[in-house]
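1. one predicted model, sequence on top.
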Amino acid sequence: MELSKQYIEQIKQQLEKDKWYAGLQREAEVLNNTRKTELLDLFNAALTEENCPLITDNQIKFYPQYVGNTGIGMPIDKGLTKIIYNYYYQPAPNCEYAHFTDLVALESILKSKKIRLTSTIKRKDDLEFALFYEDHDIEGFKRPIDASTQEESLMNDLFYLSLTENKEPSIDIKRGMWQHFGKMGTGVKLIFDIVTTHLDFRTVYYPNSPHSVNKQLVSKLIERINMVFGKPFVFNSISKFGSFYIHSDFDDECETRYLVKRFSDDYPFPFIVQYHNTIPYIEIDFVSPWGALLPIKVQPGLNCDRAEVQRIVDESGLTVEVLPNAISL
């Protein structure tokens, strides 16, 4: 049976590709044997400058096409990724947080004694998820996958609750919380007392905001590795990073997010994914192995019926204090 010219050409191209990649593998092996200490020193110098913990030579290496930690150990060592994650997004303290919403959602929350976490795909049109990856020239999330993109697939598997600091009324007004999230004063400010050790309960970072520390760790590592070794930097387990990296236009929200990732290596996912229209969501009980997220107070907005709020609270059977109405938007 005669082989077609096209098939023979494909075989030749694959052999050339295999030969090229084998050369890269040999080069990476040589670099790991001769320049690993130099690589480690480069990383730890940048980590020291940014007041981060240091890594060991078992947590970084040369790969055929890049420098990174994507295949170290079984299970994969995520030490470097955790350092970077903690650097950009501080674990949120256990204290009181506010969630602005409408009366329909308030009644649903108190009646069901559950809190809804919505997929980040809801914010895709705001371009917030992509910002971290675009700022650091990370292209992998744009790859097509099935009928969508990798970005959409990742966002569909990330669920979050948006919270903000529970501050005095004048600060809520100054930040425009009632206008933007409290339905122009017809909604409520629901205050939670949160106690949790959940890994992905984090404060949002607003790059380029005058109110944020200028965090340049990943940029430093990318630039220095490319300058010294001529290779890109790739690190593992970064699908959550885009959910906490928000444009500085929104820095007045002072947002904290309670995020749950489906298919996480760090915790199980015992939730049933439901849909509101086409947007996936999950629900978490007020008290569960994930922590205590207890509603303790609710403040009606300027244009909200306080008696209706009181009725919703009374019918829920919960001990939630109904505060006086907000005095302004």
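-> In hand now; what should we look at?
2. check what pLDDT the spatially closest residue to Leu217 that is not a sequence neighbour gets.
-> Leaving aside its chain neighbours, Leu217 sits nearest to Glu50 (4.8 Å; criterion: CB to CB, 6 or more residues apart in numbering). All C-beta atoms are positioned from the backbone trio N, CA, C, and that covers glycine. With respect to pLDDT, Glu50 has a value of 97.
3. pretty sure Val204 sits against Ile246.
-> Yes: with contact defined as CB atoms under 8 Å, Val204 counts as touching Ile246 (5.1 Å).
4. mutual contacts of these two, please.
-> Common neighbours of Val204 and Ile246, using CB atoms under 8 Å, 6 or more residues apart in numbering, are Glu255.
5. what is the one helix or strand Asp314 maps to packed up against?
-> Assessed by DSSP states H and E, Asp314 sits inside helix 306-316. On a contact count with 3 or more CB pairs under 8 Å, 6 or more residues apart in numbering; DSSP states H and E, helix 306-316 meets helix 103-112, strand 291-300, strand 321-322.
6. ok, and what's touching that helix?
-> Here helix 306-316 makes contact (CB under 8 Å, 6+ apart) with 103, 106-107, 110-111, 113, 188, 298, 300, 320, 322, 324-325.
7. likewise for stretch 181-196?
-> Applying CB under 8 Å, 6+ apart, the set of residues contacting stretch 181-196 from outside is 92, 94-103, 106, 109, 163, 166, 172, 177-179, 201, 258, 290-304, 309, 326, 329.
8. let's see that with 6 Å instead.
-> Here stretch 181-196 makes contact (CB atoms under 6 Å, 6 or more residues apart in numbering) with 94, 96-102, 106, 166, 178, 291-304, 329.
9. follow-up on the earlier one: just the buried members of the contacts of helix 306-316?
-> By neighbour count, with 16 or more other CB atoms under 10 Å, the contacts of helix 306-316 hold Leu103, Leu106, Glu107, Leu110, Val188, Val298, Pro300, Val320, Val322, Asn325 as buried.
10. circling back to that earlier point, what's the neighbour count on the residue nearest to Leu217?
-> Residues near Glu50, counting by other CB atoms under 10 Å, number 16.
11. likewise Tyr160?
-> Neighbours of Tyr160 (other CB under 10 Å): 23.
12. one step back: quick check, nearest of the contacts of helix 306-316 to Ile282?
-> For the contacts of helix 306-316, the minimum distance to Ile282 (CB to CB) is 14.9 Å, reached by Lys113.
13. my guess is the closest one meets Phe286, correct?
-> Yes: using CB atoms under 6 Å, Lys113 is in contact with Phe286, at 5.2 Å.
14. residues of stretch 87-103 that come out buried?
-> Quick answer for stretch 87-103 (16+ other CB under 10 Å): Tyr87, Tyr88, Tyr89, Ala92, Tyr97, Ala98, His99, Phe100, Thr101, Asp102, Leu103.
15. returning to what we had before: which of the buried ones among the contacts of helix 306-316 lies closest to Lys12?
-> Nearest to Lys12 among the buried ones among the contacts of helix 306-316, counting by CB to CB, is Leu106 at 66.8 Å.
16. any idea how far Lys5 is from that closest one?
-> 70 Å (CB to CB, to the nearest Å).
17. again with Val228
-> To Lys5, Val228 is 45 Å away according to CB to CB.
18. what about these two, which has more around it?
-> Comparing Val228 with Lys5 by neighbour count (other CB under 10 Å), the higher total belongs to Val228, at 13 against 8.
19. output the longest helix belonging to the chain.
-> Using DSSP state H, we find that the single longest helix of the chain is helix 5-34.
20. same question for it, mean pLDDT?
-> pLDDT averaged over helix 5-34 gives 89.
21. buried sites along the helix or strand following that helix?
-> Later in the chain than helix 5-34, the nearest helix or strand by DSSP H and E is helix 36-49. For helix 36-49, the neighbour count (16+ other CB under 10 Å) marks Leu39, Leu40, Leu42, Phe43, Asn44, Ala46, Leu47 as buried.
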